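Enquirer: What would the 3D arrangement of this be:
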Amino acid sequence: MTDLSGRVAVITGAARGIGHATAARFLEAGASVVLADLPGSGVEQVAAALGGPAHGVVCNVTDAVQVADLVRETVRVFGALDIMVANAGIAPAAPFLNLTPEEFRRVVDVNLTGSFLCVQAAAKQMVAQACTGRAPGAIVLMASVQAQSVAETHAAYAASKGGVVQLTKAAAVALAPYGIRVNAVGPGSVTTDLNDEALTPALRRAVAARTPLGRMGRVDEIAQAVLFLASEAGSYVTGQTLYVDGGRLALALTMTDGKDEAE
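Expert: Numbers count the residues shown, from 1 in each chain. Okay, the predicted model is just below:
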């Protein structure tokens, strides 16, 4: 049910982290994959290193022209577009009272507007393909537990991810008549190559305290959830956000230094 043979996928923010793990998982499942990321990310080399039918494209998801070009390049190389994974995102931290309008806009531009541009461009291609008899496509966005439970230093990030959840629902309803499914994955705390060195023992203990499973997630665990939603295994799922968080959202209280603290 998770076989992606014959399917073509685009994954943004794919040079590293969750995006890279998802690209590798999709290739294992038989898909042809376009990895997209910013200039300087080395995404072309990353795609080549993965082997198989993988192709790297430089793309800034906040630019509608570049996103449209990404879709056209995907069709040029692989002949179609069946799966869009709008994974690109940023999460800079800033105290709320010091957060500037420019910083807020930047996060929303990447995380929310970028997701919208990717979903819309992919959907237009998928609708056109449906007219030729190709099977409907699937779209997966990247949300976060912070769409539900926020950190005080990530106001812009939390707001943008809350928007992603609502965008997912709106797109799912709008695209359902074409058979296109739209869902999101909401990761909890996940270890990536970018944050692993910054995770001090104290921070790891804090994560364990707020996570019933007692550990951080792995990028491959998030990738597996994306695969489920993108494949026939999730064929009757649309408009949903699947939280992959080790039980974090289910826990009303966390333990910090032996004291109960509201999440």
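Enquirer: roughly how far apart are the residue nearest to residue 232 when sequence neighbours are not counted and residue 11?
Expert: Leaving out its chain neighbours, the residue that sits closest to residue 232 by C-beta to C-beta, 6 or more residues apart in numbering is residue 1, at 5.1 Å. C-betas here are computed from N, CA, C, even on glycine. Distance from residue 1 to residue 11, counting by C-beta to C-beta, to the nearest Å: 20 Å.
Enquirer: which one of the two has more residues nearby?
Expert: residue 11 (31 against 8; other C-beta atoms under 10 Å).
Enquirer: can I assume the more buried one is in contact with residue 81?
Expert: No: Residue 11 lies out of contact with residue 81 (C-beta atoms under 8 Å); the separation is 11.6 Å.
Enquirer: what sits in contact with each of those two?
Expert: Taking C-beta atoms under 8 Å, 6 or more residues apart in numbering as the contact rule, residue 11 and residue 81 have no neighbour in common.
Enquirer: so which strand or helix has residue 84?
Expert: Using DSSP states H and E, residue 84 sits in strand 83-86.
Enquirer: Repeat that for residue 167.
Expert: Residue 167 belongs to helix 155-175, assigned by DSSP H and E.
Enquirer: quick one: average confidence on that helix?
Expert: Helix 155-175 comes out with an average pLDDT of 98.
Enquirer: Would you map the strands across the stretch 1-150 of the chain?
Expert: Using DSSP state E, counting those that start in this stretch, the strands found in the stretch 1-150 of the chain span residues 8-12, 32-37, 54-58, 83-86, 138-142.
Enquirer: Format those strands as a markdown table; extra columns: mean pLDDT.
Expert: Formatted as a markdown table, these follow (pLDDT from 0 to 100):
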| stretch | mean pLDDT |
| --- | --- |
| strand 8-12 | 98 |
| strand 32-37 | 98 |
| strand 54-58 | 98 |
| strand 83-86 | 98 |
| strand 138-142 | 98 |
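Enquirer: which other helices and strands contact the helix holding residue 167?
Expert: helix 101-108, helix 114-130, strand 138-142, strand 181-187 (3 or more C-beta pairs under 8 Å, 6 or more residues apart in numbering; DSSP states H and E).
Enquirer: Touching it from outside, list them.
Expert: 89-92, 94, 96, 99, 103-104, 106-108, 110-112, 115-116, 119, 123, 126-127, 139, 141-144, 146-147, 150-151, 181-184, 186, 238-241.
Enquirer: What residues sit buried inside that helix?
Expert: Judged by neighbour count (16 or more other C-beta atoms under 10 Å), helix 155-175 contains these buried residues: 155-165, 167-169, 171-172, 175.
Enquirer: Run the chain-centre distance for it.
Expert: 12 Å (C-alpha atoms, centre = their mean, to the nearest Å).
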